[in-house]
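J.: Here is my input, please return the structure:
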Amino acid sequence: MIKVTHISLIFSMLLSQGQNCLASGARDFYNYELKDGYTVVYRGQTNDLYRRKGEHLRDGKEFTHMKKIGNAKTLEGALKAEKESLKTYRKSHGGQNPKYNKTDHG
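T.: Below you'll find the model as predicted:
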């Protein structure tokens, strides 16, 4: 099983959407969370919710559903929202990230 790091995922998204993805201002990224029942187990961002759900399943993450959070954003906006969302989560969960988030930024 191949593990995809956060940086390589962003790099592949940039390549697939053109080199000026960040500068274009396109709002085609979404924030989401994976939940196992009522428990949040992962928070992230993507430009393709269906593809990303499949990647999480192939990686062996256990969850009952994926929930889209908010409206479409630019990549920069989605990354910022993800970081803030994790910061808020940690404040109410004893400084801990959701089960599958490994770093403070995703």
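
J.: For the closest residue to residue 61 other than its chain neighbours, grab phi and psi.
T.: Spatially, and ignoring its direct neighbours in sequence, residue 61 is nearest to residue 100 (5.4 Å; C-beta to C-beta, 6 or more residues apart in numbering). Just so you know, the C-beta spots here come from the backbone N, C-alpha and C atoms, and that holds for glycine as well. With angles defined as degrees, to the nearest 10, residue 100 sits at phi -100, psi -10.

J.: Is it correct that residue 100 is in contact with residue 40?
T.: No: applying C-beta atoms under 8 Å, one finds residue 100 not in contact with residue 40, separated by 9.7 Å.

J.: who touches both of these two?
T.: Common contacts of residue 100 and residue 40 (C-beta atoms under 8 Å, 6 or more residues apart in numbering): residue 34.

J.: And for residue 43, the neighbour number?
T.: When neighbours are defined as other C-beta atoms under 10 Å, residue 43 has 23 of them.

J.: how far away is it from residue 27?
T.: 19 Å (C-beta to C-beta, to the nearest Å).

J.: any idea which residue sits dead centre in this structure?
T.: With distances taken as C-alpha atoms, centre = their mean, residue 44 lies nearest the centre of the chain, 1.6 Å away.

J.: doesn't residue 81 make contact with that residue?
T.: No: between residue 44 and residue 81 there is no contact under C-beta under 8 Å: 10.4 Å.
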